[in-house]
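Asks: heads up, no residue letters with this:
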């Protein structure tokens, strides 16, 4: 679990990160033994949340897009139901 958290922190540090730019063999498989629901890759889960949060909050204007609230709710509910075993949290 701590390996997964450190992997997310490393990814957050890379501002231009995109999972499509990396070959799957470069991922640390040992730290990802507890896979997300339906074998979704952690890197794709990260990209899903990154895209969602990027559309939800605009850094330039400091405004939230309220039309994205149902999408955020659905993603939170999905991950709480299906990926609870991963023990992910919202820490930075």
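Replies: Great, that's in hand. Values in this document were obtained by computation on a predicted structure and should not be read as measured data.

Asks: which residue ranges form the helices in this structure?
Replies: 2-13, 42-56, 69-82 (DSSP state H).

Asks: If you count neighbours, what's buried in the second one?
Replies: Residues of helix 42-56 classed as buried under the neighbour-count rule (16 or more other C-beta atoms under 10 Å) are 42, 43, 45, 46, 47, 49. Heads up, the C-betas are built off the backbone N, CA and C, glycines and all.

Asks: possible to save the helices of the chain as JSON lines with distance to residue 63?
Replies: JSON lines is the format used below for these (distance: least, C-beta to C-beta, whole Å):
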{"stretch": "helix 2-13", "distance to residue 63": "22"}
{"stretch": "helix 42-56", "distance to residue 63": "10"}
{"stretch": "helix 69-82", "distance to residue 63": "13"}
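
Asks: Mean pLDDT and distance to residue 34 added to these, as JSON lines?
Replies: Putting these into JSON lines (pLDDT from 0 to 100; distance: least, C-beta to C-beta, whole Å) gives the following:
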{"stretch": "helix 2-13", "mean pLDDT": "55", "distance to residue 34": "8"}
{"stretch": "helix 42-56", "mean pLDDT": "91", "distance to residue 34": "9"}
{"stretch": "helix 69-82", "mean pLDDT": "92", "distance to residue 34": "12"}
